[in-house]
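Colleague: Please work out how this folds:
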Amino acid sequence: MPQTENMPWSRGTWTHSPAAVSALEADHLDATAVEGSDAWRHTAYGFVHDTEHALLAPLAVGDAVEVSFRAPWSGQFDQAGVFVHADDEHWIKAGVEYADGHLGLGAVVTDVRSDWSVGHVDDWRDAEITVRVSRWADAVVVRARAGDGPWRLVRVAPFDGARAASAGPFLAAPTRAGLTVTFTRWTRTPADDSLH
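Modeller: Okay, the predicted model is just below:
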């Protein structure tokens, strides 16, 4: 495999089709979320949502995926980033989510039940955001940055290396119609070899 592989949008398969998808250019993909789309299992809220829009391709141990995107963050729980999927009860979504008037950077890690870690990145609101997920034998490592800024460690989460998994861009809009995310890059590279 080359050091960096640009992933064509046609390489992926949607978990759930967006309301609309259009390729503006070879290196851009606009996707509009269906109102009510989301991904969550049980914890705190008591519900299961599995209606996210994730464009997935296989992600092996030792590989990483990077996704860059922009969006007009305005609806409660608007979200986009990278989705890593093993099965309906084992998945991770990592990226940004607009909630309670703030843009948050975080991850939801689901092992039968979901958890959520998040911190404000309001200064990223107008930036192109890149999320990077590296797959190790027993974990995924999530990093993110705004523009050409420094990478920020978001999460180190357990993830079974023996499971087949896929990963790629995702978006969801739990509370409104019309969220359109412009994805500007999807690449696969070798995984990070250290945390520091």
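Colleague: So in terms of bridging, what pairs with the residue positioned nearest the centre of the chain?
Modeller: By C-alpha atoms, centre = their mean, the chain has its centre lying nearest to residue 82, at 1.8 Å. Note on residue 82: beta-bridge partners residue 94, residue 169, judged by DSSP bridges.
Colleague: What separation do you get for it and residue 117?
Modeller: Using C-beta to C-beta, to the nearest Å, one gets 15 Å for the distance from residue 82 to residue 117. Every residue, glycine included, has its C-beta placed from N, CA and C.
Colleague: what's the spacing between the residue nearest to the centre of the chain and residue 178?
Modeller: For residue 82, the distance to residue 178 equals 22 Å [C-beta to C-beta].
Colleague: Can you give me the neighbour number for residue 46?
Modeller: 7 (other C-beta atoms under 10 Å).
Colleague: And residue 27, how close does it get to residue 185?
Modeller: Residue 27 is 7 Å from residue 185, by C-beta to C-beta.
Colleague: Same question for residue 15.
Modeller: On the measure of C-beta to C-beta, residue 15 and residue 185 end up 20 Å apart.
Colleague: go on, residue 140?
Modeller: In terms of C-beta to C-beta, residue 140 sits 19 Å off from residue 185.
Colleague: Kindly report the same for residue 177.
Modeller: 26 Å.
Colleague: Among these two, which residue is more densely surrounded?
Modeller: residue 185 (16 against 12).
Colleague: Tell me the predicted confidence for the more buried one.
Modeller: Note for residue 185: predicted pLDDT of 96.
Colleague: before we move on, what about residue 24?
Modeller: pLDDT at residue 24 comes out at 66.
Colleague: Likewise for residue 93?
Modeller: Reported pLDDT for residue 93: 98.
Colleague: isn't it right up against residue 115?
Modeller: No: with contact defined as C-beta atoms under 8 Å, residue 93 and residue 115 do not form a contacting pair (11.4 Å).
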